[in-house]
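Visitor: Following is a predicted model, sequence given first.
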Amino acid sequence: MLFRSNAAEVTYLQFFNAAAAADVTVGTTAPVWTIMVPASDGICIPPFAPLHHFDKGLVIAASKTSRTGNTAPATAATAKLWYVAN
């Protein structure tokens with residue numbers, strides 16, 4: 001997985017175990033996992049790193065205020081994901 005913050009501020013990516021975006025209220029629904037992406041930088045998580053199980057589905061949100069915040073970054077984040085079914 002590759003994530004890039006295109007904003008001049010830290011971006012927090014929140015991962016939710018949910019079937020659809022409508023099932024998540026950012027700032028209220030607790031994320032399963034959150035990662036911080038440095039300002040104007042990116043991170044890479046190896047494809048076979050142990051992650052979390054998302055049996056319902058995967059919804060990702062970005063915030064600039066905190067790991068559970070709901071304020072969107074000034075510039076959208078970019079992500080590249082690989083999906084492995086078992």
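Guide: Done, it's in. Numbers count the residues shown, from 1 in each chain.
Visitor: center of the chain, which residue is that?
Guide: The C-alpha lying nearest the average C-alpha coordinate of the chain belongs to residue 13 (Cα atoms, centre = their mean; 2.9 Å).
Visitor: wait, residue 68 sits on residue 14?
Guide: Yes: look at residue 68 against residue 14 with Cβ atoms under 8 Å: they come within range, at 7.2 Å. In short, each C-beta sits where N, CA and C put it, glycine included.
Visitor: one step back: what is the helix or strand harbouring the residue nearest to the centre of the chain packed up against?
Guide: Residue 13 is part of strand 11-17 when elements are defined by DSSP states H and E. If you count contacts as 3 or more Cβ pairs under 8 Å, 6 or more residues apart in numbering; DSSP states H and E, strand 11-17 packs onto strand 33-37, strand 58-63.
Visitor: Convert the C-alpha atoms of the last one to PDB, please.
Guide: As requested, the backbone C-alpha atoms of strand 58-63 are provided in PDB (Å, rounded to 0.1, in the frame of the first residue of the first chain):
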ATOM      1  CA  LEU A  58     -12.900  -1.300   3.700                       C
ATOM      2  CA  VAL A  59     -13.700   2.400   4.000                       C
ATOM      3  CA  ILE A  60     -10.800   4.900   4.200                       C
ATOM      4  CA  ALA A  61     -11.100   8.500   5.300                       C
ATOM      5  CA  ALA A  62      -8.500  11.200   5.700                       C
ATOM      6  CA  SER A  63      -8.400  13.900   8.300                       C
END
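Visitor: List of residues touching the next helix-or-strand element following it?
Guide: The helix or strand immediately downstream of strand 58-63 is strand 78-80, counting by DSSP H and E. Residues outside strand 78-80 that contact it (Cβ atoms under 8 Å, 6 or more residues apart in numbering) are 1, 2, 3, 4, 6, 13, 42, 60.
Visitor: now swap in stretch 7-21 and tell me
Guide: Under the contact criterion Cβ under 8 Å, 6+ apart, stretch 7-21 has outside partners 3, 5, 23-24, 26, 29, 31-40, 52-69, 73-75, 77, 79.
Visitor: quick one: buried residues of that stretch?
Guide: Using 16 or more other Cβ atoms under 10 Å as the test for burial, stretch 7-21 gives 7, 10, 11, 12, 13, 14, 15, 16, 17, 18.
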